[in-house]
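Asks: Provided below are the primary sequence and the corresponding predicted coordinates.
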Amino acid sequence: MKTWIIALLCMVTAAVLVWAQSTDEGYQTATVVSIEKLAANAQHPENGDRYKISMRLQDTLYLCQGSGATSVFMDWTRGKEFPAKVNGKVLLVKVPNGQTVELNITGKKTPK
């Protein structure tokens with residue numbers, strides 16, 4: 001009986017945490033459509049970890065570029081979902097480790 005109560009409490013706690021993350025103000029579910037690591041420039045090695053990323057947020061496809069450590073983008077695959085919101089010309093994406101990644105929006109496509 002005690003095991004069932006502990007298991008139930010764990011499930012309720014997990015559900016509350018998932019709900020709390022999903023209700024961040026203004027964030028909606030965005031899906032990775034494509035991700036490509038851009039080639040490094042020998043003259044500018046500081047720009048070595050750049051990515052070209054397309055993400056779908058509701059009916060809009062955002063074409064973005066971002067940079068960061070490979071560990072941040074390691075698990076980004078086609079179809080993966082993240083909480084995201086548009087802030088001007090930047091798409092803010094929350095990753096599982098709690099960081100917010102800023103992707104510069106270079107274009108967008110909406111269905112006609």
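Replies: Noted; the coordinates are in hand. Numbering: from 1, shown residues only.
Asks: quick one: Ile6 is in a helix?
Replies: Yes: assessed with DSSP: H, G, I helix; E, B strand; the rest coil, Ile6 lies in a helix.
Asks: and it, what's its pLDDT?
Replies: Note for Ile6: predicted pLDDT of 78.
Asks: ok, now Asn41?
Replies: Value for Asn41, per-residue pLDDT: 68.
Asks: what's the weakest-modelled helix or strand in the chain?
Replies: Within the chain, no helix or strand scores below helix 2-22, which has a mean of 65 by mean pLDDT, DSSP states H and E.
Asks: following it, which helix or strand comes up?
Replies: Later in the chain than helix 2-22, the nearest helix or strand by DSSP states H and E is strand 28-37.
Asks: buried stuff in that following strand?
Replies: Residues Ala30, Val32, Ile35 are the ones in strand 28-37 that count as buried (16 or more other CB atoms under 10 Å). In this view, the C-beta of every residue, glycine as well, is placed from N, C-alpha and C.
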